[in-house]
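pasted the sequence and its predicted model underneath.
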Protein chains: 2
Amino acid sequence: MERSYAEELPKRAGERVRLDGWLQHRRELSNVTFVILRDATGTAQIAVPSGDAGGLAALHNESAIEVVGTAVADERAPGGVELRDAVITAIAPATAAPPFELGRPSLEAALPTLLDHAAVALRHPPRRAAFRLMDASVAAFRAHLCTQRFTEVFTPKIVATATESGANCFRLDYFGRLAYLAQSPQLYKQMLVGVFERVFEVAPVFRAEPHDTPRHLNEYVSLDAEMGFITDHKDVMAVLEGAVTAMTRAVADHADARIAGALLPIRCAAPFPSVRFTDALELLVPEFGDEVRSEPDLSPAHERWLGEWALREYASDFLFVTGFPLAKRPFYTHPDPDRPAFSSSFDLLFRGLEVVTGGQRLHRPEDYDAALAARSIDPAPFAGYLEAFRFGMPPHGGFALGLERWIQQIVGAKNLRETVLFPRDINRMTP
Amino acid sequence: MERSYAEELPKRAGERVRLDGWLQHRRELSNVTFVILRDATGTAQIAVPSGDAGGLAALHNESAIEVVGTAVADERAPGGVELRDAVITAIAPATAAPPFELGRPSLEAALPTLLDHAAVALRHPPRRAAFRLMDASVAAFRAHLCTQRFTEVFTPKIVATATESGANCFRLDYFGRLAYLAQSPQLYKQMLVGVFERVFEVAPVFRAEPHDTPRHLNEYVSLDAEMGFITDHKDVMAVLEGAVTAMTRAVADHADARIAGALLPIRCAAPFPSVRFTDALELLVPEFGDEVRSEPDLSPAHERWLGEWALREYASDFLFVTGFPLAKRPFYTHPDPDRPAFSSSFDLLFRGLEVVTGGQRLHRPEDYDAALAARSIDPAPFAGYLEAFRFGMPPHGGFALGLERWIQQIVGAKNLRETVLFPRDINRMTP
């Protein structure tokens, strides 16, 4: 008999069907035992006479099973249909009781325990659903950029030159020579503007930051884009706005949004509100005091406050902050032509957390020479990168979106590690 | 004036249009100079009176320029339209003549020189077009698997355990501990079968193989898939066949296929022909001698011969080879139930080159214990992986497709490095 899926049951009432999946949990009443099977699409209830549980009683939860039964409409069953007269066969019995009860609404274990047992914990429907939203977000990102003439590229993760400085780079023995893991595809995506005009990449990036906080990951997925022939950073913001709007729709429309506990609605209306960095600091004065005016960047608390302000003032979960001080930005950052101490850059806050950083980049070769000299960076290791600017690099800019932070804000996760299948932090390399 | 693209010119005859792009080359005749502009979509010809070349003469090729002119139908022009009465403005002048003449059909430089100057060499239309086919291939792969209920996942590239052995792994200092760069997402994608049933990942993999040949890369892009509740490896082959067919169509239908020099047609008709490893060796005997019968694997020369045989016998560019000896395959490989010395595995040859390896995996925890013991592999570092098999892992299998090899066979590149934007090999870490 051909396999059916749990999500199809409501259309199959009256038919004999076969389901494959995992024995998630069971609820024994005096006369009937309800067995909950979980497959790729959801869960299904199977009603088994309690005296007849037979082989079933010997099976641990999370055993892989095959169930052949008759789909019967019953308004008391979840989804309005359950399987009866079922034959349950073990495909692969679990060898012990699982470390968590996956049938519960939430897993009763500390995060490190959940991460240690990722192979089981990720099966919990809300956790699994969050990663389905991740899949959908990335697909929407790519699909939107493809409509905007972007080309997907694949750039090396083993690099000879740290993007900015070697401080936060993992070091690698590359056939006896020192190499680094790429902190970002920044230099490569800029070079590729000269080739394709518009490029994007979805790939891991690596940061050797020795911080153990709920905000830090040492490996994460970056959604990068870069585009040429722009007027200024506002052209980049417009493309980002389109991509984020598409991602937001993909999440809101997703069948797993409810299961994942996505915080809906996502208040997203283009154009996103935007505030200049210096004006943002003024807004923060009543709450954080006069001294906030001399801050060179926004702290997490500042971002949270601004997120609440954007929600209050603009009913928006998104807020652009533009024009950060140039001194705090990397060497390739383009200054604001009208205020040279500030940059043509932006952050995008989503519910009070920076999820995107972007901006216009320098494009004239002499500006790169000056920027590297001003920071005492040796240009020699950047030769292959700097060559691009000697051969007609148009004004260009781009952005990088942190995928895990995006999902964190979608589902309201307290710890960024909850939004990574197998997180890497200063204390964790396994599983 | 709003920007137009080169590809739109045939529809714009009679109109005043603006193009942005690069001054690719120019051809001076006595009365007229033909300027070729290249943008993201192709090239356009601009006719300028030779005496009137003015500022243009001072511009090096590869300068970024803006051209405003009148589109005029002229059957002598490439594409049937050229721009006249044009005003050409430099957006970003090149500071020197480029190292290659990008207007020529092929670049006259040795491969190492092209790779050293990737920022310029990749702009050559045939090279750029090959990477557009790569983009299209990956998009088709993902799109096909999404129709087959696969979930896209992102797994860590910094790992504590070498997938099979540490021999070909890059080593990393991870906050004072030894870590490796992942050779493949194999262990993770198997664990995730227990979560999502079907997963795929498109991501870099790293191999520290110290070989300097046209066939070796030390970092490449792997298109991985894994699926549960299979009968045997033939279910995996069917999914792969669907994905490859979709990728083949995406390439053949692509506007850049001709520019990239794609070798068309790609002879692809499902079901792909399939030959067992032991039968393949028999086929090779007349050419390679009796001793080929004792080979444990296929050599590149064997693969090429079999590719020619498949084309001759089946008019197919694709050939499955199945049932490789178990001894040569990794510990997680499932034996053929009928021939335990052989495996439920397959390679897919594309035009005589292995581009995919796959098969069914072990799924019973006791089989893993035995397989690791038989190879004297300590199970302790695999604890997080082995846990998945203790909790109901159904029969499953998957495959990995090497993206660069795929494109190499599409365009007939002699060296695998030609199919990577910025290749990494034993001697090359830059640009």
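It's in.

please, which helix or strand holds A:L283?
Using DSSP states H and E, A:L283 falls within helix A:277-288.

please state the offset of whichever helix or strand comes after that helix from the chain centre?
Toward the C-terminal end, the helix or strand that comes next after helix A:277-288 (DSSP H and E) is helix A:300-314. Mean C-alpha position of helix A:300-314 versus that of the full chain (C-alpha atoms, centre = their mean, to the nearest Å) differs by 21 Å.

name the single longest helix found in chain A.
As assigned by DSSP state H, the longest helix anywhere in chain A is helix A:125-147.

A:Q148 and A:V199 touch, don't they?
No - using C-beta atoms under 8 Å, A:Q148 is not in contact with A:V199, being 11.3 Å away. In this view, the C-beta of every residue, glycine as well, is placed from N, C-alpha and C.

neighbour count: those two, which is higher?
A:V199 (28 against 14; other C-beta atoms under 10 Å in any protein chain shown).

so what's the backbone phi/psi at that one?
phi -140, psi 160 (degrees, to the nearest 10).

need the pLDDT of it.
With respect to pLDDT, A:V199 scores 99.

list the beta-bridge partners for it.
A:T151, A:E226 (DSSP bridges).

OK, contacts around it?
A:150-153, A:189, A:192-193, A:225-227 (C-beta atoms under 8 Å, 6 or more residues apart in numbering or on different chains).

now A:G412
A:261, A:263.

where do the helices sit along the stretch 251-400 of chain A?
A:277-288, A:300-314, A:365-374, A:383-390 (DSSP state H, counting those that start in this stretch).

can you put those in TSV and add distance to chain B, mean pLDDT and mean neighbour count?
What follows is the helices of the stretch 251-400 of chain A, written out as TSV (distance: least, C-beta to the nearest C-beta, whole Å; pLDDT from 0 to 100; neighbours: other C-beta atoms under 10 Å in any protein chain shown):
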stretch	distance to chain B	mean pLDDT	mean neighbour count
helix A:277-288	28	98	16
helix A:300-314	23	98	17
helix A:365-374	6	97	15
helix A:383-390	2	97	21
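
tabulate the ones you listed (a markdown table), appending distance to B:L263.
Listed next are these as a markdown table, based on distance: least, C-beta to C-beta, whole Å:
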| stretch | distance to B:L263 |
| --- | --- |
| helix A:277-288 | 54 |
| helix A:300-314 | 53 |
| helix A:365-374 | 39 |
| helix A:383-390 | 30 |
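
for A:T95, find the nearest of those.
The closest of the helices of the stretch 251-400 of chain A to A:T95 is helix A:300-314. By C-beta to C-beta, the value is 44.1 Å.

relative to helix A:277-288, how tilted is the closest one?
Angle of helix A:300-314 versus helix A:277-288, following axes from the mean of the first three to the mean of the last three C-alpha atoms, to 10 degrees, is 100 degrees.

who's in contact with helix A:300-314?
A:215, A:267, A:273, A:275, A:280, A:283-284, A:287-288, A:292, A:295, A:298, A:316-319, A:321, A:349-354.

host element of A:V72?
Using DSSP H and E, the element containing A:V72 is strand A:64-73.

now do that strand: distance to the chain's middle.
35 Å.

now for that strand, which elements pack on it?
Packing partners of strand A:64-73 (3 or more C-beta pairs under 8 Å, 6 or more residues apart in numbering or on different chains; DSSP states H and E): strand A:16-28, strand A:32-39, strand A:42-49, strand A:81-92.

closest one to B:P379 among the helices of the stretch 251-400 of chain A?
Closest among those, using C-beta to C-beta: helix A:300-314, at 41.8 Å.

mind listing what's buried in stretch A:400-419?
Neighbour-count burial for stretch A:400-419, counted by 16 or more other C-beta atoms under 10 Å in any protein chain shown, picks out A:400-411, A:413, A:416-419.

which SS class is the residue lying farthest from the centre of chain A?
Residue farthest from the centre of chain A, counting by C-alpha atoms, centre = their mean, is A:G51 at 47.1 Å. Recorded secondary structure, A:G51: helix (DSSP: H, G, I helix; E, B strand; the rest coil).

quick one: contacts for it?
No contacts exist for A:G51 under C-beta under 8 Å, 6+ apart.

quick one, domains of chain A?
Domain assignment for chain A by automatic domain parsing gives A:3-98, A:120-419.

okay, the ones you listed in JSON lines with distance to B:A383 next?
JSON lines is the format used below for those (distance: least, C-beta to C-beta, whole Å):
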{"stretch": "domain A:3-98", "distance to B:A383": "14"}
{"stretch": "domain A:120-419", "distance to B:A383": "13"}
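
most tightly surrounded among those domains?
domain A:120-419 (a mean of 19; mean count of other C-beta atoms under 10 Å in any protein chain shown).

now do it: distance to the chain's middle.
Worked out by C-alpha atoms, centre = their mean, domain A:120-419 lies 12 Å from the chain centre.

equivalent analysis for stretch A:11-30, please.
The answer for stretch A:11-30 is 33 Å, by C-alpha atoms, centre = their mean.

how about the CA coordinates for that stretch, as CSV?
Taking C-alpha atoms only, stretch A:11-30 is exported to CSV below (Å, rounded to 0.1, in the frame of the first residue of the first chain):
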residue,chain,number,x,y,z
LYS,A,11,-9.2,14.1,3.0
ARG,A,12,-9.0,10.4,3.4
ALA,A,13,-11.9,9.7,5.7
GLY,A,14,-13.4,6.3,5.0
GLU,A,15,-10.2,4.9,3.3
ARG,A,16,-7.7,2.4,4.4
VAL,A,17,-4.3,4.2,4.6
ARG,A,18,-0.7,3.5,5.5
LEU,A,19,1.3,6.0,7.6
ASP,A,20,5.0,5.8,8.4
GLY,A,21,6.6,7.8,11.2
TRP,A,22,7.6,7.9,14.9
LEU,A,23,5.6,6.7,17.9
GLN,A,24,5.6,10.1,19.6
HIS,A,25,3.5,9.3,22.6
ARG,A,26,0.4,7.5,23.7
ARG,A,27,-2.4,8.2,26.1
GLU,A,28,-4.0,5.2,27.8
LEU,A,29,-7.6,5.3,28.8
SER,A,30,-9.5,2.4,30.3
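
and chain B, is that stretch touching that?
Yes - looking at stretch A:11-30 against chain B by C-beta under 8 Å from any C-beta of the partner chain, the contacts come from A:20, A:22-23.

could you pull up the residues touching the closest residue in space to A:L114 that isn't next to it in sequence?
Leaving aside its sequence neighbours, A:L114 sits nearest to A:A121 (C-beta to C-beta, 6 or more residues apart in numbering or on different chains; 4.2 Å). A:A121 makes contact with A:99-100, A:107, A:109, A:114-115, A:127, according to C-beta under 8 Å, 6+ apart.

if you set the cut-off to 10 Å instead, what comes out?
Residues near A:A121 by C-beta atoms under 10 Å, 6 or more residues apart in numbering or on different chains: A:98-100, A:102, A:107, A:109, A:111, A:113-115, A:127-128, B:195.

can you lay out those residues as CSV showing secondary structure and pLDDT?
Shown next, in CSV, are the contacts of A:A121 (DSSP: H, G, I helix; E, B strand; the rest coil; pLDDT from 0 to 100):
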residue, secondary structure, pLDDT
A:P98, coil, 97
A:P99, coil, 96
A:F100, coil, 95
A:L102, coil, 96
A:L107, coil, 94
A:A109, coil, 95
A:L111, helix, 97
A:T113, helix, 97
A:L114, helix, 98
A:L115, helix, 98
A:R127, helix, 97
A:R128, helix, 98
B:V195, helix, 98
